[in-house]
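Participant: What would the 3D arrangement of this be:
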Amino acid sequence: MTVTKTPQGRFRAIVKEGRRSVASKTFDRKGDAQTWHDQQKVALALGTAPSAVANRATLGDVLNEWMTARAKTVAGSTLREEGYSIKRIPASLLGRRLGSLRAADFDALYADLLATLSRGTVSRFRNTLSSFYGWAVKQGKAATNPVVDSRVPKGTGTEKRDEVYPFTLAELRAVHEALVAAHGAAKADVALVLGLTGLRWGELAALRVRDVQLVPFPAFRVSRSRPDGQAVRSVTKGGKPRTVPLTGDVLAIVTPLLGRSPDAPLFPSSTGTMLSGNNWKRSVSWAKHSRGRRVHDLRHTAATLWLANGVDLKTVQTWLGHSTAKLTADTYSHWMGSDADAAALARMNAVLGGSPGVQHLEAESGQMVHK
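Facilitator: The predicted structure is shown next:
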(Lines give C-alpha, C1' and ligand atoms only; values in the text may rest on other atoms or scores of the structure.)
Protein backbone atom coordinates (compact mmCIF):
# COMPACT_ATOMS: atom_id res chain seq x y z
CA MET A 1 0.00 0.00 0.00
CA THR A 2 1.18 3.55 -0.69
CA VAL A 3 -0.49 5.13 2.37
CA THR A 4 -0.64 3.38 5.74
CA LYS A 5 -2.02 4.37 9.12
CA THR A 6 0.51 4.65 11.95
CA PRO A 7 -0.12 3.49 15.55
CA GLN A 8 -0.41 7.18 16.49
CA GLY A 9 -3.36 7.62 14.13
CA ARG A 10 -1.47 9.53 11.41
CA PHE A 11 -0.94 8.54 7.78
CA ARG A 12 2.43 7.68 6.25
CA ALA A 13 2.92 7.92 2.49
CA ILE A 14 5.67 5.73 1.06
CA VAL A 15 7.08 6.38 -2.40
CA LYS A 16 8.64 3.39 -4.15
CA GLU A 17 10.91 3.06 -7.15
CA GLY A 18 10.34 -0.50 -8.24
CA ARG A 19 10.42 -2.42 -4.99
CA ARG A 20 12.62 0.11 -3.19
CA SER A 21 11.24 2.76 -0.85
CA VAL A 22 12.85 6.05 -1.86
CA ALA A 23 10.93 8.60 0.23
CA SER A 24 8.28 8.77 2.93
CA LYS A 25 6.39 11.39 4.88
CA THR A 26 3.73 11.39 7.61
CA PHE A 27 0.54 13.50 7.56
CA ASP A 28 -2.41 14.13 9.81
CA ARG A 29 -4.91 13.49 7.00
CA LYS A 30 -5.01 10.57 4.60
CA GLY A 31 -5.92 12.81 1.66
CA ASP A 32 -2.82 14.94 2.19
CA ALA A 33 -0.66 11.83 2.35
CA GLN A 34 -2.10 10.50 -0.91
CA THR A 35 -1.67 13.86 -2.67
CA TRP A 36 1.96 14.10 -1.62
CA HIS A 37 2.61 10.53 -2.70
CA ASP A 38 1.14 11.16 -6.14
CA GLN A 39 3.20 14.35 -6.55
CA GLN A 40 6.39 12.50 -5.67
CA LYS A 41 5.61 9.71 -8.13
CA VAL A 42 5.18 12.29 -10.90
CA ALA A 43 8.44 14.00 -9.91
CA LEU A 44 10.17 10.64 -9.84
CA ALA A 45 8.98 9.89 -13.34
CA LEU A 46 10.28 13.26 -14.52
CA GLY A 47 13.64 12.71 -12.90
CA THR A 48 13.29 15.50 -10.31
CA ALA A 49 12.77 13.35 -7.20
CA PRO A 50 15.51 11.62 -5.21
CA SER A 51 16.71 8.39 -6.81
CA ALA A 52 17.02 5.20 -4.88
CA VAL A 53 20.80 5.53 -4.86
CA ALA A 54 20.68 9.10 -3.54
CA ASN A 55 18.17 8.12 -0.89
CA ARG A 56 20.54 5.47 0.46
CA ALA A 57 23.29 8.07 1.03
CA THR A 58 23.99 8.92 4.66
CA LEU A 59 23.76 12.34 6.21
CA GLY A 60 27.55 12.38 6.58
CA ASP A 61 28.13 11.50 2.92
CA VAL A 62 25.88 14.25 1.60
CA LEU A 63 27.23 16.80 4.09
CA ASN A 64 30.72 16.17 2.68
CA GLU A 65 29.40 16.81 -0.84
CA TRP A 66 27.77 20.04 0.33
CA MET A 67 30.93 21.32 1.98
CA THR A 68 32.91 20.61 -1.19
CA ALA A 69 30.37 22.60 -3.21
CA ARG A 70 30.31 25.43 -0.66
CA ALA A 71 34.08 25.87 -0.84
CA LYS A 72 33.61 27.42 -4.28
CA THR A 73 30.91 29.90 -3.30
CA VAL A 74 31.41 31.21 0.26
CA ALA A 75 34.13 32.96 2.22
CA GLY A 76 36.66 30.92 4.14
CA SER A 77 35.35 32.18 7.49
CA THR A 78 31.81 31.06 6.60
CA LEU A 79 33.09 27.66 5.51
CA ARG A 80 35.00 27.24 8.76
CA GLU A 81 31.94 28.17 10.83
CA GLU A 82 29.81 25.68 8.92
CA GLY A 83 32.52 23.07 9.44
CA TYR A 84 32.37 23.68 13.19
CA SER A 85 28.61 23.17 13.05
CA ILE A 86 28.92 19.86 11.27
CA LYS A 87 31.38 18.62 13.88
CA ARG A 88 28.62 18.96 16.47
CA ILE A 89 26.51 16.30 14.74
CA PRO A 90 26.97 12.94 16.54
CA ALA A 91 28.09 9.87 14.62
CA SER A 92 24.76 8.23 15.32
CA LEU A 93 23.06 10.78 13.05
CA LEU A 94 25.85 11.08 10.48
CA GLY A 95 25.56 7.37 9.76
CA ARG A 96 21.82 7.41 9.11
CA ARG A 97 20.26 7.67 5.66
CA LEU A 98 19.51 11.26 4.77
CA GLY A 99 15.88 10.53 3.99
CA SER A 100 15.28 8.78 7.32
CA LEU A 101 15.88 11.83 9.52
CA ARG A 102 12.90 13.70 10.95
CA ALA A 103 12.36 17.00 12.76
CA ALA A 104 12.22 15.14 16.08
CA ASP A 105 15.78 13.90 15.55
CA PHE A 106 17.02 17.48 15.29
CA ASP A 107 14.83 18.67 18.18
CA ALA A 108 16.59 16.14 20.41
CA LEU A 109 19.99 17.23 19.09
CA TYR A 110 19.28 20.90 19.87
CA ALA A 111 18.29 19.99 23.43
CA ASP A 112 21.58 18.15 23.92
CA LEU A 113 23.62 21.04 22.51
CA LEU A 114 21.95 23.57 24.81
CA ALA A 115 23.66 21.89 27.75
CA THR A 116 26.94 23.51 26.69
CA LEU A 117 26.12 26.12 24.03
CA SER A 118 24.12 29.34 23.97
CA ARG A 119 20.73 29.36 22.31
CA GLY A 120 22.06 31.78 19.69
CA THR A 121 24.80 29.34 18.72
CA VAL A 122 22.37 26.43 18.51
CA SER A 123 20.02 28.56 16.40
CA ARG A 124 22.85 29.30 13.97
CA PHE A 125 23.60 25.58 13.89
CA ARG A 126 19.97 24.95 12.94
CA ASN A 127 20.24 27.55 10.17
CA THR A 128 23.30 25.76 8.79
CA LEU A 129 21.42 22.46 8.77
CA SER A 130 18.46 24.07 7.03
CA SER A 131 20.72 25.55 4.35
CA PHE A 132 22.26 22.13 3.81
CA TYR A 133 18.89 20.43 3.44
CA GLY A 134 17.69 23.17 1.10
CA TRP A 135 20.68 22.41 -1.11
CA ALA A 136 20.06 18.66 -0.86
CA VAL A 137 16.46 19.08 -1.99
CA LYS A 138 17.52 21.19 -4.98
CA GLN A 139 20.13 18.59 -5.89
CA GLY A 140 17.57 15.79 -5.74
CA LYS A 141 19.30 14.15 -2.78
CA ALA A 142 16.41 14.66 -0.35
CA ALA A 143 12.65 14.84 -0.81
CA THR A 144 11.98 17.37 1.94
CA ASN A 145 13.72 19.60 4.48
CA PRO A 146 12.86 18.26 7.95
CA VAL A 147 14.81 21.05 9.65
CA VAL A 148 12.12 23.63 8.84
CA ASP A 149 9.77 21.78 11.21
CA SER A 150 12.36 21.54 13.99
CA ARG A 151 12.59 24.07 16.81
CA VAL A 152 15.35 25.17 19.16
CA PRO A 153 13.90 25.10 22.70
CA LYS A 154 14.49 27.91 25.09
CA GLY A 155 17.53 27.42 27.25
CA THR A 156 20.80 28.84 28.43
CA GLY A 157 24.31 27.77 27.62
CA THR A 158 27.85 28.50 28.69
CA GLU A 159 29.40 29.62 25.42
CA LYS A 160 30.69 33.18 25.49
CA ARG A 161 29.68 35.35 22.55
CA ASP A 162 32.03 37.82 20.93
CA GLU A 163 31.25 41.22 22.41
CA VAL A 164 30.68 44.40 20.47
CA TYR A 165 33.68 46.47 21.58
CA PRO A 166 33.72 49.65 19.48
CA PHE A 167 36.04 52.62 19.74
CA THR A 168 34.64 55.97 20.73
CA LEU A 169 35.22 58.62 18.10
CA ALA A 170 37.99 60.15 20.22
CA GLU A 171 39.67 56.75 20.59
CA LEU A 172 39.40 56.06 16.87
CA ARG A 173 41.07 59.36 16.04
CA ALA A 174 43.78 58.78 18.65
CA VAL A 175 44.56 55.31 17.26
CA HIS A 176 44.64 56.71 13.73
CA GLU A 177 47.04 59.45 14.77
CA ALA A 178 49.30 56.93 16.51
CA LEU A 179 49.35 54.74 13.41
CA VAL A 180 50.16 57.73 11.18
CA ALA A 181 53.04 58.72 13.45
CA ALA A 182 54.44 55.18 13.54
CA HIS A 183 53.80 53.92 10.01
CA GLY A 184 52.60 56.77 7.78
CA ALA A 185 49.21 57.86 6.52
CA ALA A 186 48.95 55.39 3.62
CA LYS A 187 48.73 52.43 5.99
CA ALA A 188 47.07 54.19 8.90
CA ASP A 189 44.18 55.62 6.85
CA VAL A 190 42.80 52.11 6.34
CA ALA A 191 41.83 52.00 10.03
CA LEU A 192 39.98 55.32 9.85
CA VAL A 193 38.14 54.29 6.69
CA LEU A 194 37.00 51.03 8.29
CA GLY A 195 35.96 52.84 11.46
CA LEU A 196 33.81 55.40 9.61
CA THR A 197 32.29 53.23 6.85
CA GLY A 198 31.63 49.93 8.63
CA LEU A 199 33.05 47.86 5.78
CA ARG A 200 34.14 44.30 6.43
CA TRP A 201 37.84 43.71 5.78
CA GLY A 202 37.21 41.61 2.68
CA GLU A 203 34.97 44.31 1.24
CA LEU A 204 37.60 47.01 1.71
CA ALA A 205 40.31 44.80 0.23
CA ALA A 206 38.20 44.22 -2.90
CA LEU A 207 37.36 47.90 -3.50
CA ARG A 208 38.51 49.26 -6.86
CA VAL A 209 38.93 52.86 -7.97
CA ARG A 210 35.72 52.46 -10.00
CA ASP A 211 33.81 51.59 -6.82
CA VAL A 212 33.98 55.22 -5.60
CA GLN A 213 31.02 57.34 -6.67
CA LEU A 214 30.98 61.13 -6.32
CA VAL A 215 27.41 61.89 -7.51
CA PRO A 216 24.75 62.30 -6.30
CA PHE A 217 26.86 62.05 -3.11
CA PRO A 218 30.27 60.56 -2.23
CA ALA A 219 29.98 56.85 -1.50
CA PHE A 220 31.51 53.41 -1.86
CA ARG A 221 29.62 50.98 -4.07
CA VAL A 222 30.24 47.69 -2.27
CA SER A 223 29.60 44.67 -4.48
CA ARG A 224 32.60 42.38 -3.98
CA SER A 225 34.62 40.77 -1.22
CA ARG A 226 38.07 39.28 -0.96
CA PRO A 227 38.58 37.48 2.38
CA ASP A 228 42.18 36.65 3.23
CA GLY A 229 43.39 33.57 1.41
CA GLN A 230 40.38 33.52 -0.92
CA ALA A 231 39.72 34.59 -4.48
CA VAL A 232 37.64 37.71 -5.10
CA ARG A 233 33.95 36.98 -4.73
CA SER A 234 31.38 38.80 -6.82
CA VAL A 235 28.98 38.93 -3.89
CA THR A 236 29.31 40.24 -0.34
CA LYS A 237 28.33 38.38 2.82
CA GLY A 238 25.02 40.26 2.79
CA GLY A 239 24.24 38.79 -0.62
CA LYS A 240 23.67 41.98 -2.59
CA PRO A 241 25.46 45.24 -3.47
CA ARG A 242 25.04 48.30 -1.26
CA THR A 243 26.04 51.96 -1.17
CA VAL A 244 27.90 53.35 1.84
CA PRO A 245 28.09 57.19 2.05
CA LEU A 246 31.46 58.79 2.80
CA THR A 247 31.95 61.46 5.44
CA GLY A 248 34.33 64.33 4.78
CA ASP A 249 37.23 62.55 6.52
CA VAL A 250 36.93 59.48 4.32
CA LEU A 251 36.42 61.50 1.15
CA ALA A 252 39.63 63.44 1.88
CA ILE A 253 41.50 60.12 2.11
CA VAL A 254 39.94 58.64 -1.01
CA THR A 255 40.09 61.59 -3.42
CA PRO A 256 43.88 61.47 -4.01
CA LEU A 257 43.58 57.76 -4.83
CA LEU A 258 41.19 58.18 -7.77
CA GLY A 259 43.59 59.17 -10.56
CA ARG A 260 44.51 55.58 -11.43
CA SER A 261 43.15 52.71 -13.51
CA PRO A 262 39.44 52.08 -12.74
CA ASP A 263 40.22 48.44 -11.91
CA ALA A 264 43.18 49.19 -9.63
CA PRO A 265 42.74 48.32 -5.92
CA LEU A 266 41.60 51.46 -4.11
CA PHE A 267 43.74 50.56 -1.09
CA PRO A 268 46.66 48.61 -2.57
CA SER A 269 49.48 46.82 -0.79
CA SER A 270 53.05 48.06 -1.15
CA THR A 271 53.35 45.90 -4.27
CA GLY A 272 50.14 47.23 -5.84
CA THR A 273 48.06 44.12 -5.16
CA MET A 274 45.03 43.72 -2.91
CA LEU A 275 45.66 44.14 0.80
CA SER A 276 45.97 41.15 3.09
CA GLY A 277 44.42 41.64 6.51
CA ASN A 278 47.11 39.74 8.36
CA ASN A 279 49.89 41.54 6.51
CA TRP A 280 48.29 44.91 7.19
CA LYS A 281 47.93 44.20 10.91
CA ARG A 282 51.60 43.26 11.12
CA SER A 283 52.71 46.27 9.09
CA VAL A 284 50.95 48.74 11.41
CA SER A 285 51.61 46.83 14.66
CA TRP A 286 47.87 46.58 15.21
CA ALA A 287 48.19 44.60 18.45
CA LYS A 288 50.30 47.42 19.90
CA HIS A 289 48.02 50.30 18.92
CA SER A 290 44.53 48.76 18.89
CA ARG A 291 43.74 49.15 22.61
CA GLY A 292 42.56 45.54 22.76
CA ARG A 293 40.20 45.72 19.81
CA ARG A 294 39.95 43.47 16.78
CA VAL A 295 39.96 44.91 13.28
CA HIS A 296 36.28 43.86 13.07
CA ASP A 297 35.56 46.22 15.97
CA LEU A 298 36.17 49.06 13.52
CA ARG A 299 32.98 47.93 11.77
CA HIS A 300 31.20 47.99 15.13
CA THR A 301 32.59 51.48 15.70
CA ALA A 302 30.92 52.84 12.57
CA ALA A 303 27.61 51.17 13.42
CA THR A 304 27.51 52.47 16.98
CA LEU A 305 28.50 56.00 15.91
CA TRP A 306 25.64 56.02 13.41
CA LEU A 307 23.05 54.70 15.83
CA ALA A 308 24.16 56.85 18.77
CA ASN A 309 23.84 59.95 16.62
CA GLY A 310 20.37 59.47 15.25
CA VAL A 311 20.78 57.50 12.01
CA ASP A 312 17.65 55.35 11.79
CA LEU A 313 17.89 51.58 12.18
CA LYS A 314 16.82 50.70 8.63
CA THR A 315 19.48 53.00 7.15
CA VAL A 316 22.17 51.49 9.38
CA GLN A 317 21.06 48.02 8.31
CA THR A 318 21.45 49.03 4.67
CA TRP A 319 24.85 50.65 5.17
CA LEU A 320 26.16 47.59 7.04
CA GLY A 321 24.74 45.13 4.54
CA HIS A 322 22.79 43.20 7.18
CA SER A 323 20.08 40.85 5.91
CA THR A 324 17.45 42.21 8.32
CA ALA A 325 16.92 45.18 10.61
CA LYS A 326 16.36 42.68 13.44
CA LEU A 327 19.96 41.48 13.07
CA THR A 328 21.16 45.08 13.36
CA ALA A 329 18.94 45.73 16.37
CA ASP A 330 19.99 42.52 18.14
CA THR A 331 23.68 43.29 17.61
CA TYR A 332 23.61 46.94 18.63
CA SER A 333 20.60 47.25 20.93
CA HIS A 334 22.69 48.72 23.75
CA TRP A 335 23.85 51.55 21.48
CA MET A 336 20.45 52.70 20.25
CA GLY A 337 19.63 55.72 22.36
CA SER A 338 16.28 57.46 21.98
CA ASP A 339 15.20 61.09 22.34
CA ALA A 340 13.61 60.10 25.64
CA ASP A 341 16.96 58.75 26.86
CA ALA A 342 18.72 61.95 25.83
CA ALA A 343 16.12 64.16 27.50
CA ALA A 344 16.26 62.14 30.72
CA LEU A 345 20.06 62.27 30.74
CA ALA A 346 19.99 66.04 30.22
CA ARG A 347 17.65 66.42 33.20
CA MET A 348 19.86 64.26 35.42
CA ASN A 349 22.98 66.18 34.37
CA ALA A 350 21.21 69.42 35.25
CA VAL A 351 20.34 68.04 38.70
CA LEU A 352 23.87 66.73 39.28
CA GLY A 353 25.56 69.84 37.92
CA GLY A 354 27.01 68.08 34.86
CA SER A 355 26.87 69.11 31.22
CA PRO A 356 23.29 69.03 29.91
CA GLY A 357 24.44 68.58 26.32
CA VAL A 358 24.35 65.38 24.31
CA GLN A 359 27.17 64.51 21.92
CA HIS A 360 26.41 64.17 18.22
CA LEU A 361 28.59 63.37 15.23
CA GLU A 362 28.88 66.05 12.57
CA ALA A 363 28.23 64.48 9.18
CA GLU A 364 31.10 66.16 7.32
CA SER A 365 33.88 66.60 9.85
CA GLY A 366 33.23 63.47 11.89
CA GLN A 367 33.80 65.51 15.09
CA MET A 368 31.71 65.09 18.24
CA VAL A 369 29.97 68.31 19.23
CA HIS A 370 27.57 69.28 22.05
CA LYS A 371 24.03 70.24 21.08
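
Participant: and the closest residue to Val295 other than its chain neighbours, what does it touch?
Facilitator: Spatially, and ignoring its direct neighbours in sequence, Val295 is nearest to Trp201 (5.9 Å; Cβ to Cβ, 6 or more residues apart in numbering). Where C-beta positions appear, they are placed from N, C-alpha and C, glycine not excepted. Neighbouring residues of Trp201 by Cβ atoms under 8 Å, 6 or more residues apart in numbering: Leu194, Pro227, Asp228, Gly277, Val295, His296.

Participant: if I look at Trp201, how far off is Ser77?
Facilitator: 10 Å (Cβ to Cβ, to the nearest Å).

Participant: same thing with Asp263?
Facilitator: 26 Å.

Participant: More neighbours: which of these two?
Facilitator: Shown here are Asp263 and Ser77; by other Cβ atoms under 10 Å, Ser77 has more neighbours (16 against 9).

Participant: Helix, strand or coil: sort out that one for me.
Facilitator: Of the three states, Ser77 takes helix under DSSP: H, G, I helix; E, B strand; the rest coil.

Participant: Show the pLDDT at it.
Facilitator: At Ser77, the model reports a pLDDT of 74.

Participant: again, but for Ala54
Facilitator: 46.

Participant: any common contacting residues for Trp201 and Ser77?
Facilitator: In contact with both Trp201 and Ser77: Pro227, using Cβ under 8 Å, 6+ apart.

Participant: Tell me if I am right that Val15 is in a helix.
Facilitator: No - read with three-state DSSP, Val15 is strand and lies in no helix.

Participant: Start at 10, not 1
Facilitator: Fine by me, first position is 10 from now on; the one you just mentioned is Val24.

Participant: Pairing partners for it in the sheet, please.
Facilitator: For Val24, the beta-bridge partners are Ala32 (DSSP bridges).

Participant: do the same with Ala228
Facilitator: Gln222, Pro254.

Participant: Next up, the contacts around it.
Facilitator: Val221, Gln222, Thr252, Val253, Pro254, Leu255.

Participant: Thr310: neighbour count?
Facilitator: When neighbours are counted by other Cβ under 10 Å, Thr310 comes out with 25.

Participant: Please identify the buried residues of stretch 259-272?
Facilitator: Val259, Leu260, Ile262, Val263, Leu266 (16 or more other Cβ atoms under 10 Å).
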